[in-house]
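> can't give you the sequence, but here's the structure:
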Ligand code: SF4
Ligand code: SF4
């Protein structure tokens, strides 16, 4: 196993912007994830609405029948569009400058560097073939998701697990994803961007696009002093010091190589014809692309930040108290069901034993203790509508829920 000393990087404005944006995105997404799990009314949307890979997963369904697959929101498609636009212009700028899972790995990488004083590098006989694994992961996920219309990878997804850190589902539905997350973070202690390099399907997708990017890091061989500091600064181990242009799909456009270069003009963010952007301008343009699209979509109602209550969903579908019970999800509270259905809260206490004081909790949190899963409650409401006397004879547990959110 080869390893390298970690050189000290200069504090440039572009690096400070990058770290600030990454820290803000990770903090914001973590806060939204916790609120999504714990908040009652006006809870933020969950991970499925805030991940651009969801936009890719739903693309098959969107193109085939114009519909999004279950759990995926239009906001995911919008984030995918932003990631693709920035990839066409700046390579994998989403990976290097926005992605909170990438930053999480960098944080663990920083801890690892402090502990070990150096970073580890896989031997090339293992590293090179292992990097193709992410393309296999991408192909398998898209093939299965597009053919089944289900989020097949969700249970194993480390990012979905991270977004359930405040949920009891972390150790049940998301246990496999949690195990993957722990492996990813432990791997990141030793190897920079461990998940990005070997397993991330979103990184693989953006890498394919980045081959055609307009701007790349390009090297002027006449100015280069062959110090190889750029190679040491690269988190994904691209060899920059011998390339005329960094065309490797592994490049995450983090700009660390440009910041590390001591020779004026040797490295720059340039087009093929030589037009140059400063690293700071490239960083700001990337963030602006995401910010402008998200703000515009939020203003026009295309980007929802909160989960609609059951009453709002019912109103949006023109429903009444006899609404379509499919609108009841795992995140729906019994109190919302009471409001929307007109069935008294006392009936749910009688049937499921849920005291009114706990009816503000989502069904997914009540189902273990009281058996009132979403599928159960749907079935009960339909039976109650036909004959309210069923409340006295209802057998809890005959029906079972099949979904969480
Ligand atoms: S490779 Fe994946 S995890 Fe890494 S920064 Fe890109 S999208 Fe994020
Ligand atoms: S850091 Fe700059 S000068 Fe040193 S090898 Fe890389 S491009 Fe050349």
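Thanks, I have it. Keep in mind that this is a model prediction, so the values were computed, not measured. Residues are numbered from 1 along each chain as shown. Ligands and ions are numbered 1, 2, ... in the order given.

> Show the subsequent helix or strand relative to the helix or strand that contains residue 137.
Taking DSSP states H and E as the definition, residue 137 sits inside helix 133-148. Downstream of helix 133-148, the next assigned helix or strand under DSSP H and E is helix 158-162.

> who touches whatever helix or strand comes next after that following helix?
Remark: after helix 158-162, the chain's next helix or strand is helix 175-190, criterion DSSP H and E. Here helix 175-190 makes contact (CB atoms under 8 Å, 6 or more residues apart in numbering) with 104-106, 108-109, 111-112, 115-116, 119-120, 154-162, 164, 170-171, 194-195, 199. C-beta here means a position set from N, CA and C on the backbone, and glycine is covered the same way.

> Drop anything exposed from these.
104-106, 108-109, 112, 119-120, 154, 156-162, 164, 170, 194-195, 199 (16 or more other CB atoms under 10 Å).

> which residues of the protein fall in strands?
In the chain, the segments counted as strands under DSSP state E are 2-5, 118-121, 216-219, 267-270, 276-277.

> Identify the neighbouring strands of the fourth one in the sheet and state each direction.
Based on DSSP bridges, the strands next to strand 267-270 in the sheet, each with its direction, are strand 216-219 (antiparallel), strand 276-277 (antiparallel).

> residues making contact with it?
Contact with strand 267-270 is made by 90, 215-220, 224, 230, 240, 255, 257-258, 261, 276-279, 282, as judged by CB under 8 Å, 6+ apart.

> switch to 6 Å and redo it
By CB atoms under 6 Å, 6 or more residues apart in numbering, the residues outside strand 267-270 that reach it are 215, 218-219, 258, 261, 276-277, 282.

> for ligand 1, what are the nearby residues on the protein?
Within the chain, the residues that sit near ligand 1 (CB under 6 Å from any ligand atom) are 95, 99, 101-102, 195-196, 200, 202-203.

> what's the spacing between the helix holding residue 137 and its chain's center?
Helix 133-148 sits 17 Å away from the centroid of its parent chain (CA atoms, centre = their mean, to the nearest Å).

> quick one: buried residues of that helix?
Within helix 133-148, the residues scored as buried using 16+ other CB under 10 Å are 134-135, 137-138, 141-142, 145-146.

> okay if I get those as JSON lines plus distance to residue 248 and pLDDT?
Output for these, formatted as JSON lines (distance: CB to CB, whole Å; pLDDT from 0 to 100):
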{"residue": "134", "distance to residue 248": "14", "pLDDT": "98"}
{"residue": "135", "distance to residue 248": "14", "pLDDT": "98"}
{"residue": "137", "distance to residue 248": "19", "pLDDT": "98"}
{"residue": "138", "distance to residue 248": "17", "pLDDT": "98"}
{"residue": "141", "distance to residue 248": "23", "pLDDT": "97"}
{"residue": "142", "distance to residue 248": "23", "pLDDT": "97"}
{"residue": "145", "distance to residue 248": "28", "pLDDT": "96"}
{"residue": "146", "distance to residue 248": "28", "pLDDT": "95"}
